[in-house]
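Participant: Give me the fold of what follows.
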Amino acid sequence: MVTKKTSTTSPRHGITAPQGFRAAGIHCGIKKPGLLDLALVVSEQSGPIAGVFTLNQVVAAPVVVDRLHLRKGVGRAILVNSGNANACTGANGLAAAKKTAALVARHVGVPSHQVFIGSTGVIGRVLPLNRIMKGIPNVFSQLNERGGPDAARAIMTTDLRPKSIALQDTIGGRLITIGGMAKGSGMIHPNMATMLGYLTTDASITRSALQRALTLAANKSFNCISVDGDTSTNDTVLCLANGMAENRTIKEGTPAFRRFLQLLTEACQSLALAICRDGEGVTKVVKIEVTGAATVAQARQVAQTIATSNLVKTALFGEDANWGRVMAAIGRAGVPIIPSKLNVWFDEVQMVQSGMGLGLVAERRIAKVFRQKEFTIAVGLGTGRHRSHMWTTDLSFDYVRINASYRS
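Facilitator: Numbers count the residues shown, from 1 in each chain. Predicted coordinates:
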């Protein structure tokens, strides 16, 4: 958990760090005994909620329900199960998703549209609805201000560790807190949102400003990571605000909005990087920075092509300073390239100048960079003033092993 300007005496963690939020995580029988598999987050009062979702055209039932509920723009509770994706389950899966939301709503005392749900796990298996319905009263009984860590563990699948965040800053004379949790290790690739992520804040903010802030923050974080080039059926990021910090309501286009956006982006980037570092079989996390592009879209396309190249990713794993693979990825990115203007650095070491390699001395220097756990590949296109970035990971033997036996 990362904390900025926060009290060291606060019992609150991650998703429950903002005022007025409680959470819990329990075992309800979806996963093996002893493993938490049902998480619940509840706010003391309703407030605006924002969401971004997968662009995969095959979507899970929870995504269908959440998109429908988001039209009202008001949230109070979030229920998430792991161990079962409730995807490709037809009308029965959709009915099950709606039933769980309705039961949570009855416990909280709000309309169903104020409850949002999420599922993660194996695709195509029938959701064990009876186990979840029996688990909901139990998870309610365990809600508390210290429940963030258990909730973060309950949404894990192949994750090796829980991922949470808590950040604070003073905005408009009031201390504003953003908390969050995320899960993700495989099926990670931009197309919104590349995982499950849930954020809470005690800020008072308009619904439109919150949605705008989350969209912008996601585009600089969750939409800038790639582990394996796959986007899941269940990808969801939600941000729920309850206004309990009692600040002047944040609106778009104001200094307060810019401060809030900066804080939210920092929280999202911390969670996104935690996903990269915990990627299936990952041993390297590399930032791809592309500058000097004619447009942002072109810079992003080059960054994404490098980040998703299996040849680049395997070179990272093998610590093989094969910079030619980066050059080849740049050239096939589908954007106008002038080879004589290309420059490439690995951290501070320049390897390519004006489209030509700088020889064995430079190659020996970048070989040392390749042995680091984290570093940056910087590309200068020399065709404009725009830039973009992504984070990628290596592709290891363990990634194949994990995904070859995911269901066993």
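Participant: helices and strands around the lengthiest helix in the chain, which ones?
Facilitator: Determined from DSSP state H, the single longest helix within the chain is helix 255-277. If contacts are counted by 3 or more Cβ pairs under 8 Å, 6 or more residues apart in numbering; DSSP states H and E, helix 255-277 sits against strand 163-171, strand 174-183, strand 196-201, helix 207-219, strand 225-226, strand 285-293, strand 386-393. C-beta here means a position set from N, CA and C on the backbone, and glycine is covered the same way.
Participant: contacts for the third one?
Facilitator: Strand 196-201 is contacted from outside by 15-18, 21, 41, 43, 78, 80, 118, 120, 155, 176-184, 214, 222, 234-242, 245, 264, 267-268, 271, using Cβ atoms under 8 Å, 6 or more residues apart in numbering.
Participant: cutoff 6 Å now
Facilitator: Contact with strand 196-201 is made by 15, 18, 21, 78, 118, 120, 178-183, 236-241, 271, as judged by Cβ atoms under 6 Å, 6 or more residues apart in numbering.
Participant: ok, that strand: who's next to it in the sheet?
Facilitator: strand 174-183 (antiparallel), strand 236-241 (parallel) (DSSP bridges).
Participant: if we can go back for a sec, of the helices and strands packed on helix 255-277, which is nearest Asp347?
Facilitator: Asp347 sits nearest to strand 285-293 of all the helices and strands packed on helix 255-277, at 10.0 Å, using Cβ to Cβ.
Participant: quick one on the thing from earlier: worst average pLDDT in the helices and strands packed on helix 255-277?
Facilitator: Among the helices and strands packed on helix 255-277, strand 225-226 carries the lowest mean pLDDT, a mean of 72.
Participant: Now do the domain split for the protein, please.
Facilitator: 14-277, 285-404 (automatic domain parsing).
Participant: Now mean neighbour count too, for those, in JSON lines please.
Facilitator: JSON lines is the format used below for the domains of the chain (neighbours: other Cβ atoms under 10 Å):
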{"stretch": "domain 14-277", "mean neighbour count": "21"}
{"stretch": "domain 285-404", "mean neighbour count": "18"}
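Participant: that older thread, so which of the helices and strands packed on helix 255-277 comes closest to Asn92?
Facilitator: Comparing the helices and strands packed on helix 255-277 under Cβ to Cβ, the one sitting nearest is strand 196-201, at 22.1 Å.
Participant: Next, the angle strand 163-171 makes with that closest one.
Facilitator: 30 degrees (axes from the mean of the first three to the mean of the last three Cα atoms, to 10 degrees).
Participant: low-confidence ranges in the stretch 251-400 of the chain?
Facilitator: Applying pLDDT under 70 to the stretch 251-400 of the chain flags the ranges 279-280, 399-400.
Participant: all helices of the stretch 301-408 of the chain, in order?
Facilitator: Ranges of helices in the stretch 301-408 of the chain, per DSSP state H, counting those that start in this stretch, are 310-318, 323-331, 360-370, 397-404.
Participant: for the second one, packing partners?
Facilitator: Meaning helix 323-331. Judged by 3 or more Cβ pairs under 6 Å, 6 or more residues apart in numbering; DSSP states H and E, the packing partners of helix 323-331 are helix 296-308, helix 310-318.
Participant: residues making contact with that helix?
Facilitator: Contacts to helix 323-331, defined as Cβ under 6 Å, 6+ apart, come from residues Val302, Thr305, Ile306, Ser309, Leu311, Val312, Ala315, Ile337, Met351.
Participant: again, only this time at 7 Å
Facilitator: 302, 305-306, 309, 311-312, 315, 337, 342, 344, 351-352, 357, 366, 377, 379 (Cβ atoms under 7 Å, 6 or more residues apart in numbering).
Participant: Report the separation between Asn81 and Lys313.
Facilitator: Remark: distance between Asn81 and Lys313 (Cβ to Cβ, to the nearest Å) = 31 Å.
Participant: mind checking which of the helices of the stretch 301-408 of the chain is nearest Ser164?
Facilitator: Comparing the helices of the stretch 301-408 of the chain by Cβ to Cβ, helix 397-404 comes nearest, at 22.8 Å.
Participant: Run through the residues that contact Leu238.
Facilitator: By Cβ under 7 Å, 6+ apart, the neighbours of Leu238 are Ile49, Gly51, Ile78, Phe116, Tyr198.
Participant: ok, now Ala50?
Facilitator: Going by Cβ under 7 Å, 6+ apart, Ala50 touches Leu210, Gln211, Leu214, Cys239.
Participant: Give me the distance between the residue nearest to the first one when sequence neighbours are not counted and Leu240.
Facilitator: The shortest distance from Leu210 to any residue other than its chain neighbours is 4.4 Å, reached at Ala50 (Cβ to Cβ, 6 or more residues apart in numbering). The gap separating Ala50 from Leu240 is 8 Å, by Cβ to Cβ.
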